[in-house]
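J.: Need a 3D model of the following:
(chains A and B)
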Amino acid sequence: MTTPTAVALEDTTVAFRLGDDRVYTAVEKARLTVAPGEFVAIVGPTGCGKSTLLNVAAGLLKPAAGNVTVFDRPLTGLNRDAGYLFQADALFPWKTAIDNVAIGLEIKGTPRTEALARAQTWLTSVGLGAFAGRYPHMLSGGQRKRVALAQVLIRDPKILLMDEPFGPLDAQTRQVMGNLLLDLWNADRKAVLFVTHDLEEAIALADRVVIMSAGPSSRIIGDWRVTLPRPRDIFEVRLDKEFHALHREIWGVLKDEVMKGYAQSTQAAEAV
Amino acid sequence: MSRVTLLSLQVLVAVVGIVLWQVLSTVPVFGKILLPPFFFSNPADVFSQIVKWFSTGVIWKHLGITLVESVLAFVIGSVGGALVGFWFARQPRVAAVFDPYIKMVNALPRVVLAPIFALWLGLGIWSKVALGVTLVFFIVFFNVYQGVKEVSRTVLDNGRMLGMSEGQLTRHVYFPSALSWMFSSLHTSVGFAVVGAVVGEYLGSAAGLGYLIQQAEGIFDVAGVFAGMFVLSAFVILIDFGVTLVERRLLVWRPTVEGPR
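T.: Predicted structure coming up:
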């Protein structure tokens, strides 16, 4: 391959050791590349190992087999080129919004006054300029996500890893956040790996949608290119004919896996 | 309930209690005094004893000594407990080795140590400080240990992904988390520092509130014992109020500031 890649997973297998010496294979031989500036969404049924794959790309998890390369260099330890937006609340509760955003610069040795000034600019660009002095518990779920987004982006990572970042938010806030993300992304087009269980969200946001099969030993079973024109507005793009055609096509594949996923989880529940 | 109603009801409880005590200890009911003055004294005597202590100024010296002992016990115990707690939490092997001994010492009723401390450190303030330290140390130790252990996995991962080194994780993640647990036990540990000081004084000393109570008891001066108890209670309430103010300032980032009381 000669095309440059931001992140490449080559036949990556992830396994966990269970208590009684059995091994649970979460993801089997996943092959996935993200080009620089490309927005890739991973969609799959619950428990299919989407987040696992993302943690491998972040360097938080070591794969049992296969290679991970970042900008064509093998990944060892944490992925220093990546920013990670977590599904759960990951802000430091003892720091104010502005301190939470500035911390990424401060630990690199940026003088505090400069770090705070740039943090203020970032808070303003996520629409929270007036909330700098609030602690996380004084902010709504959507506002906390905005702070988290600013916290990650202020470090200017070349790769953005997002684990169902808008999952806990209500439907309207998700769309607003999606548009905010697209606006910010449009400014400098980082490579994005975006995990979600929401197919509509994936198509509306991404350049490519990757589908995973139900776990265990889930694999990547589909890869669609989304050619909807950019810049997009999430509210409008959902009305597009091409959007509907693509949605129907991908859903045809995804539906079976979702059903399998549900069947497995209900069986597991009955076994318990 | 409004603030005013609450406060007046609280005062009412005190008034009823004191009036009942005064009446039952001075007015015979069916020809018999229910609370014999020899055992129960009466509020008027207790009050005049307190006034005498404060007007002659005797009490200040004793209060001062007890305060110094409590503060020293609190500071030394907290710093020691925090350091060891932090160390153990970050070094599970060390914690595993010392675990049975920590449990053993913590299970020991600290009062039995008082004679040993008196023997080692004399009858001055340091034997009382030592007793207070043994109480405060474990409260702070367990809380800091827990605080470091219970740091949210996501917050830690976030720190790592933001590029924090182990040292920076300690400073920005482990340390604030441990401190918040420590502060939430502030009321308990300050209370125990006072307990250590007073019990130590009671068992052998030449000054302090515990000494005052012990002296009064030695000559069957029940009014003196009750007066000492009331001064001690007021002293603890004042310190507790101070702790609440400090806590409010330090834990502003918490959703609700609640002390384990």
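J.: residue ranges of the helices in the chain, please?
T.: As the question left the chain open, I've gone with chain A. Using DSSP state H, the helices of chain A run over A:50-58, A:97-106, A:112-125, A:141-153, A:171-188, A:199-205, A:234-237, A:241-271.
J.: that's the wrong chain, I meant chain B
T.: Ranges of helices in chain B, per DSSP H, are B:3-26, B:37-40, B:43-56, B:58-90, B:92-107, B:114-121, B:125-149, B:153-161, B:166-169, B:175-184, B:186-203, B:209-218, B:222-250.
J.: Redo the ones you listed as TSV? Include distance to A:Asn79 and mean neighbour count.
T.: (Each C-beta comes from the backbone N, C-alpha and C, glycine too.) Formatted as TSV, the helices of chain B follow (distance: least, Cβ to Cβ, whole Å; neighbours: other Cβ atoms under 10 Å in any protein chain shown):
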stretch	distance to A:Asn79	mean neighbour count
helix B:3-26	56	12
helix B:37-40	75	12
helix B:43-56	69	16
helix B:58-90	25	19
helix B:92-107	27	11
helix B:114-121	55	16
helix B:125-149	26	24
helix B:153-161	8	19
helix B:166-169	17	13
helix B:175-184	25	20
helix B:186-203	41	24
helix B:209-218	61	20
helix B:222-250	36	16
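J.: Reformat these as a markdown table; add mean pLDDT and distance to chain A.
T.: Listed next are the helices of chain B as a markdown table, based on pLDDT from 0 to 100; distance: least, Cβ to the nearest Cβ, whole Å:
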| stretch | mean pLDDT | distance to chain A |
| --- | --- | --- |
| helix B:3-26 | 93 | 25 |
| helix B:37-40 | 86 | 50 |
| helix B:43-56 | 92 | 43 |
| helix B:58-90 | 92 | 16 |
| helix B:92-107 | 91 | 19 |
| helix B:114-121 | 90 | 37 |
| helix B:125-149 | 92 | 11 |
| helix B:153-161 | 93 | 4 |
| helix B:166-169 | 91 | 5 |
| helix B:175-184 | 85 | 4 |
| helix B:186-203 | 90 | 16 |
| helix B:209-218 | 91 | 37 |
| helix B:222-250 | 89 | 10 |
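J.: Out of the ones you listed, which is closest to A:Lys145?
T.: Shortest distance between A:Lys145 and the helices of chain B, using Cβ to Cβ, is found for helix B:153-161: 13.0 Å.
J.: For B:Gly163, which non-adjacent residue is closest in space?
T.: Excluding the flanking residues, the one nearest B:Gly163 by Cβ to Cβ, 6 or more residues apart in numbering or on different chains is A:Ile107, at 5.9 Å.
J.: tell me the pLDDT at the one you found?
T.: Predicted confidence (pLDDT) for A:Ile107: 92.
J.: State the pLDDT value of the residue nearest the centre of chain A.
T.: Using Cα atoms, centre = their mean, the residue of chain A that lies closest to the mean C-alpha position is A:Met162, 1.9 Å off. pLDDT for A:Met162: 94.
J.: what's across from A:Ala65 in the sheet?
T.: For A:Ala65, the beta-bridge partners are A:Thr13 (DSSP bridges).
J.: B:Leu212 versus that one, what's the distance?
T.: A:Ala65 sits 75 Å away from B:Leu212, taking Cβ to Cβ, to the nearest Å as the criterion.
J.: give the contact list for the residue nearest to A:Ser218 when sequence neighbours are not counted.
T.: The shortest distance from A:Ser218 to any non-neighbouring residue, by Cβ to Cβ, 6+ apart, is to A:Cys48 (4.4 Å). Neighbouring residues of A:Cys48 by Cβ atoms under 8 Å, 6 or more residues apart in numbering or on different chains: A:212-215, A:218, A:257, A:261.
J.: likewise A:Glu106?
T.: Here A:Glu106 is in contact with A:112, A:115 (Cβ under 8 Å, 6+ apart).
J.: ok now do B:Ala197, which residues does it touch?
T.: Listed by Cβ under 8 Å, 6+ apart, the contact set of B:Ala197 reads B:66, B:69-70, B:73, B:128-129, B:131-132, B:208, B:210.
J.: Which one, of the helices of chain B, ends up nearest to A:Asp11?
T.: Of all the helices of chain B, helix B:153-161 sits nearest to A:Asp11, with 24.9 Å by Cβ to Cβ.
J.: elements contacting the closest one?
T.: Where contact means 3 or more Cβ pairs under 8 Å, 6 or more residues apart in numbering or on different chains; DSSP states H and E, helix B:153-161 is packed against strand A:82-85, helix B:166-169.
J.: Check which residues of the lowest-mean-pLDDT helix or strand in chain A are buried.
T.: In chain A, the helix or strand scored least confidently by mean pLDDT, DSSP states H and E is helix A:241-271, which has a mean of 82. Buried residues in helix A:241-271, counting neighbours by 16 or more other Cβ atoms under 10 Å in any protein chain shown, are found at A:243, A:246-247, A:250-251, A:254, A:257-258, A:260-261, A:264.
J.: what's the closest of those to B:Phe241?
T.: Nearest to B:Phe241 among these is A:Gly261, at 57.0 Å by Cβ to Cβ.
J.: dump the residue contacts of the closest one.
T.: Contacts of A:Gly261 by Cβ under 8 Å, 6+ apart are A:45-48, A:214-215.
J.: give me that answer again for 10 Å
T.: A:Gly261 sits next to A:44-48, A:197, A:213-215, A:218 when contact means Cβ atoms under 10 Å, 6 or more residues apart in numbering or on different chains.
J.: Could I get the buried residue list for stretch A:115-124?
T.: Using 16+ other Cβ under 10 Å as the test for burial, stretch A:115-124 gives A:115-116, A:118-120, A:122-123.
J.: As a markdown table, those with distance to B:Asp157 and pLDDT would be great.
T.: Formatted as a markdown table, the buried residues of stretch A:115-124 follow (distance: Cβ to Cβ, whole Å; pLDDT from 0 to 100):
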| residue | distance to B:Asp157 | pLDDT |
| --- | --- | --- |
| A:Ala115 | 22 | 94 |
| A:Leu116 | 25 | 95 |
| A:Arg118 | 24 | 94 |
| A:Ala119 | 21 | 95 |
| A:Gln120 | 26 | 95 |
| A:Trp122 | 21 | 94 |
| A:Leu123 | 23 | 94 |
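J.: Among these, which one sits closest to B:Ala89?
T.: A:Ala115 (29.3 Å).
J.: wait, doesn't the closest one sit right on A:Gln151?
T.: No. Using Cβ atoms under 10 Å, A:Ala115 makes no contact with A:Gln151, being 11.9 Å away.
J.: Can you work out which residues contact both of these two?
T.: Residues touching both A:Ala115 and A:Gln151 (Cβ under 10 Å, 6+ apart): A:99, A:101-104.
J.: ok, and the most crowded of those?
T.: A:Val101 (32 neighbours; other Cβ atoms under 10 Å in any protein chain shown).
J.: Once you drop chain neighbours, what's closest to it?
T.: A:Ala119 is the one closest to A:Val101 (Cβ to Cβ, 6+ apart), at 3.9 Å.
J.: could you list every residue that touches that neighbour?
T.: A:96-106, A:110, A:132, A:147, A:150-151, A:154.
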